[in-house]
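Trainee: Build me a model from this:
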Amino acid sequence: MLVVSAHPPLKNSKEAGQKVFFNFLKFMSDFVDIHLITIVNRQEHSWGLKESLSELQCPEFKVIEISGIRKLVNCLLYPLRAIHYNTKASSDAAKEMQILLERNTYKYIHFEWEQMMQYTEQLDNKIRKNSRISVTCHDVMNQMYERKSRRGKLRLFYTLQTKLCVRNEINWFSQVDTILTLNDKDRKLVDELKLNRNTQVVRPFYHTAPELNRENKRYDLVFFGALNRDENHDAIVWFINEIFPYITELNPAINLVIVGNGPSKELYQLAQSCPNIEVTGFVEDPFQVIAKARIGIIPLRLGAGIKIKLLESMACGIPIVSTSVGAEGTDFTQEDGVFIVDDPQLFAESVIHLSSNEALALQLGERARLSIEETYSREEYVQSITQAFNLTIPMEKNIIEKDSLVPAL
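Mentor: Got it, this is the predicted structure:
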């Protein structure tokens, strides 16, 4: 199996998508030899790249960096490609792919992340005939651009990017046999492009975090996410400026902890202006911090795809107040411990309602944990992957055993 990826598979990544990808390769490695070509950035080398690749034991792997200057040149050379495609365009990756294709015959050729579909241009008709070609979309990117086009000074720019992205998606999605998404919402978005391709949902599976201490709550509210991502930065800054004042007006003592890699100077300054806010930055085990909070908040307005942070927070046994963007791709309701509100004042009122009813919050937190366990099961994950790749699991091989798969949540 040849796999070409926009990011490396990282068992202990600071971002959820790379853990999901590691899990996928770990599963597939029980059935096929994996030859991997992956784009990396400098940060990702320090996130256990060598250890993760060693555990996967890929017979062939190539790690390729793309400089900032190269990305800028790509945008000038390929103005009809959306920006996120150009940031992952590499002649080195294309050359390595050609070398492996000339040397080997692959039953499966898989692209991880939508941006990598541009490399289908390296596949000739003979390869297409003999190989099953697939892609995993962590996000359907035209939705991300469309949301950015609704606000800010760059609305016209992102409107153009949305149109380019749709054009790119129609072109490159049509070059693959199977399109995998992480949720039903994204599958519907792909189907709306009317490409007549096999689309299938492969949900990340639930893993009970070991020895989570859900007692002795230290925090009232928690936000968890990679803070170097635009959508997460926008979300928490919007919450602090537009929602938190409503909450503290009714409950001046309520506190908030913000957990995640890469917080900005702006965020630190905002936190310093309010003694009730703590910014931890990266922590080795964020789930212990999440479990010590009473309520999780996900005030996202940007981005696309399912939000793994929602699933991870629910798995820690706390109720969630989220915007519709933060909860998209799921069917959770208040009965599952998820309150979905977009209006800032109503968002604040939901937080106050939960924070002033401790018994209710604990009850809904347990309901949230059970909802994740029921919906994101290992059995469903195994069934979805085996169906997508037409795999046969030997009777003697119990691949659903607790320790035979890497935790995604």
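Trainee: C-alpha from now on. contacts and neighbour counts both.
Mentor: Fine.
Trainee: Quick check: phi and psi on the closest residue to residue 259 other than its chain neighbours?
Mentor: Counting by CA to CA, 6 or more residues apart in numbering, residue 259 lies nearest to residue 224, which is 4.8 Å off, once chain neighbours are set aside. The phi/psi pair for residue 224 (degrees, to the nearest 10) reads phi -130, psi 130.
Trainee: Pull the contacting residues for residue 224.
Mentor: 258, 259, 260, 286, 290, 309, 313 (CA atoms under 8 Å, 6 or more residues apart in numbering).
Trainee: can you pull the pLDDT of it?
Mentor: If you check residue 224, the pLDDT there is 91.
Trainee: Walk me through the domains of this protein.
Mentor: Segmentation of the chain into domains, based on automatic domain parsing, reads 2-205+377-404, 219-375.
Trainee: Can you tell me which of the ones you listed is packed in deepest?
Mentor: A comparison of the domains of the chain by mean neighbour count, using mean count of other CA atoms under 10 Å, puts domain 219-375 on top with a mean of 19.
Trainee: Strands - which of the contacts of residue 224 land there?
Mentor: 258, 259 (DSSP state E).
Trainee: out of the contacts of residue 224, who's nearest residue 2?
Mentor: Here the nearest of the contacts of residue 224 to residue 2, counting by CA to CA, is residue 309; it sits at 29.4 Å.
Trainee: Relative to residue 227, how far out is the closest one?
Mentor: 12 Å (CA to CA, to the nearest Å).
Trainee: same thing with residue 285?
Mentor: Distance, residue 285 to residue 227, using CA to CA: 16 Å.
Trainee: hmm, back to that, I'd like the contacts of residue 224 laid out as TSV, including pLDDT.
Mentor: Listed next are the contacts of residue 224 as TSV, based on pLDDT from 0 to 100:
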residue	pLDDT
258	95
259	92
260	89
286	85
290	90
309	83
313	89
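Trainee: Adding distance to residue 347, write the contacts of residue 224 out as CSV.
Mentor: Shown next, in CSV, are those (distance: CA to CA, whole Å):
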residue, distance to residue 347
258, 18
259, 20
260, 22
286, 24
290, 19
309, 18
313, 18
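Trainee: quick one: which of the contacts of residue 224 is nearest residue 356?
Mentor: Checking the contacts of residue 224 one by one against residue 356 (CA to CA), the nearest turns out to be residue 290, at 18.8 Å.
Trainee: pretty sure residue 2 is in contact with residue 106, am I right?
Mentor: Yes. Using CA atoms under 8 Å, residue 2 is in contact with residue 106, at 6.6 Å.
Trainee: Could you tell me the per-residue confidence at the residue nearest to residue 371 when sequence neighbours are not counted?
Mentor: Excluding the flanking residues, the one nearest residue 371 by CA to CA, 6+ apart is residue 336, at 6.1 Å. Here, the pLDDT recorded for residue 336 equals 93.
Trainee: I'd assumed residue 392 was in a helix, is it?
Mentor: No. Residue 392: not assigned to a helix; according to DSSP: H, G, I helix; E, B strand; the rest coil it is coil.
Trainee: and it, backbone torsions?
Mentor: According to degrees, to the nearest 10, residue 392 has phi -120, psi 120.
Trainee: what sits against it?
Mentor: So residue 392 contacts residue 386 (CA under 8 Å, 6+ apart).
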